[in-house]
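Student: My questions are about this predicted structure, shown below with the sequence.
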Amino acid sequence: VQLQASGGGSVQPGGSLRLSCAASARIFSSYSMGWFRQAPGKEREFVGTITWSGRSTYYADSVKGRFTISRDNAKNTVYLQMNSLKSEDTAVYYCAASPRDLRLGLGVISSWGQGTLVTVSS
């Protein structure tokens, strides 16, 4: 599965951004999709995931209530809506795909997007 992420940029604290991740059609609809992020000097961390059906979503505690993941299987695209952004959300965001639960960690990821930078600063 090839992934292409977009939508990053700079925003002030409290602002919003929406990231998109377009995937190749071949098996998108049967894969769990999600987002990870990596801040400077830190390890890549789980942000959230959505099951292949779109019925279930799971989030890291740090973003719960502020970020929302959705998917459009007809468009082979997954989205990350980020609201109430904080400076600590500054990172490169990566979309990811897996036939398994992304909460299991980096080892189950079968495909990565190229990363898109989100900067939250006043």
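Tutor: Everything's here; your move.
Student: And the strands in this protein?
Tutor: Here the chain has its strands, by DSSP state E, at 3-6, 9-11, 17-23, 32-38, 45-50, 57-59, 67-72, 77-82, 91-98, 111-112, 116-120.
Student: Kindly state which of those strands is positioned closest to residue 105.
Tutor: Residue 105 lies closest to strand 45-50 among those, at 7.5 Å (Cβ to Cβ). Every residue, glycine included, has its C-beta placed from N, CA and C.
Student: Identify the residues contacting the closest one?
Tutor: 32-38, 56-60, 63, 67, 69-71, 78, 80, 93, 101-103, 105 (Cβ atoms under 8 Å, 6 or more residues apart in numbering).
Student: buried subset of those?
Tutor: Buried residues within those, counting neighbours by 16 or more other Cβ atoms under 10 Å: 32-37, 58-60, 63, 67, 69, 71, 78, 80, 93, 102.
Student: List the residue ranges of the chain that fall below the pLDDT cut-off.
Tutor: 27 (pLDDT under 70).
Student: give the contact list for the residue positioned nearest the centre of it.
Tutor: In the chain, the centroid-proximal residue (Cα atoms, centre = their mean) is residue 35; its distance is 2.4 Å. By Cβ under 8 Å, 6+ apart, residue 35 lies in contact with 19, 21, 47, 48, 49, 69, 80, 93, 94, 95, 96.
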